[in-house]
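> Here is a sequence with its predicted model. Questions after.
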Amino acid sequence: MNADMKTSVLAPDSQYVELAVEVFAMLADATRVRMILALRDGELPVNALAEIAEKSPASVSQHLAKMRLARLVATRQEGTKVFYRLQNAHVWQLVADAIHQAEHSLGTAPNHGMAPHAPREAGE
């Protein structure tokens with residue numbers, strides 16, 4: 001992928017901004033965040049996710065259905081059991097970054113700052 005393509009995808013007028021907001025909306029739920037963290041190392045069935053999230057299997061199934069529609073998780077069926085896994089590593093990275101941001105917000109993580117950006121010139 002060339003640099004021009006990457007820049008346009010990350011530009012404020014990117015066609016992906018609204019879709020990114022939908023992803024954040026899906027992640028704005030503690031149960032879903034816990035399930036994503038649990039799925040980091042591989043696939044799990046609903047009952048295992050329900051135990052980890054401390055929710056009923058029915059509730060977890062509803063969350064997983066929404067996450068599947070949003071393409072955050074994928075499924076594999078083995079007999080009568082359905083196993084869930086993360087669709088890709090990006091969703092886990094978003095959650096990990098959000099947790100690290102929370103650490104910084106609470107002052108429990110070292111401040112490593114951001115690299116300064118060159119100011120934009122008019123017309124850029």
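The structure has been received and is ready for your questions. Small disclaimer: the values here were computed from a predicted structure and weren't measured. Numbers count the residues shown, from 1 in each chain.
> which residue ranges form the strands in this structure?
Per DSSP state E, the chain carries strands over the ranges 44-45, 73-78, 81-86.
> Can you tell me the centre-most residue of the protein?
residue 91 (2.8 Å; Cα atoms, centre = their mean).
> got the contact list for that residue?
The contact partners of residue 91, by Cβ atoms under 8 Å, 6 or more residues apart in numbering, come to 23, 27, 36, 72. Backbone N, C-alpha and C define where each C-beta goes, glycine included.
> Quick one: find the helix or strand in the chain with the lowest mean pLDDT.
helix 3-9 (a mean of 66; mean pLDDT, DSSP states H and E).
> give me the low-pLDDT residue ranges for this protein?
For the chain, applying pLDDT under 70 flags the ranges 1-7, 109-124.
> Tell me which stretches of it form helices.
Counting by DSSP state H, the chain has helices at residues 3-9, 17-26, 30-38, 46-53, 57-69, 89-106.
> Out of those helices, the one nearest residue 83 is which?
Residue 83 lies closest, by Cβ to Cβ, to one member of the helices of the chain: helix 46-53, at 8.9 Å.
> what distance separates the closest one from the middle of the whole chain?
Offset of helix 46-53 from its chain centre (Cα atoms, centre = their mean, to the nearest Å): 18 Å.
> Quick one: list the elements packing against that helix.
helix 30-38, helix 57-69, strand 81-86 (3 or more Cβ pairs under 8 Å, 6 or more residues apart in numbering; DSSP states H and E).
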